[in-house]
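Have a look at this fold, sequence not included:
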């Protein structure tokens, strides 16, 4: 039996977002999200990748030590039980069984991702409109993810100062 659903508040630089984490959808993904949440991983985390009308991605922490602990420590895939429709959140991946700490919110119906193994584990309940205000200035020339992983917000704040970010993430 899956763990019970729980709620999370993302206090962001563009407004508050309320999520429901649904372990029944993707138990391994929900468990990893919980580990990250409990570690304070998302505090100060930038929305580093924006693809308008598609997704907004985050999950490279302010502190590179946290990335080494979680981002480089991959988890197995969950079967896709729920479609990647607007408002759902899935882990990004670099291949099979390669989910670490980066995730994205679907801005539209992205059911084409279902067959690629992206398993939603949460859904935005309130504040979805805040994602419309996330900085899009770097959409075509965004951060180098390797440098962001190595240097965290030291790199991101200097080179991409307008990036929107998560101030804190807490259960509610």
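The structure has been received and is ready for your questions. Just so you know, these numbers come straight off a predicted model, no measurement behind them.

do you know how far the residue nearest the centre of the chain is from residue 146?
Geometric centre of the chain, nearest residue: residue 103, 2.9 Å, by C-alpha atoms, centre = their mean. Residue 103 sits 18 Å away from residue 146, going by C-beta to C-beta, to the nearest Å. In short, each C-beta sits where N, CA and C put it, glycine included.

Ok, residue 81 next?
Counting by C-beta to C-beta, the gap from residue 81 to residue 146 is 32 Å.

out of these two, which sits in the more crowded spot?
Ranked by neighbour count (other C-beta atoms under 10 Å), residue 81 and residue 146 place residue 81 first, with 14 against 10.

for this structure, what spans make up the helices?
Remark: helices assigned in the chain by DSSP state H are 27-38, 64-66, 145-151, 153-159.

Can you check which of these gets nearest to residue 96?
helix 27-38 (13.1 Å; C-beta to C-beta).

mind checking how far that closest one is from the chain centre?
11 Å (C-alpha atoms, centre = their mean, to the nearest Å).

Can you tell me which helices and strands it packs against?
strand 15-21, strand 88-91, strand 120-126, strand 166-171 (3 or more C-beta pairs under 8 Å, 6 or more residues apart in numbering; DSSP states H and E).
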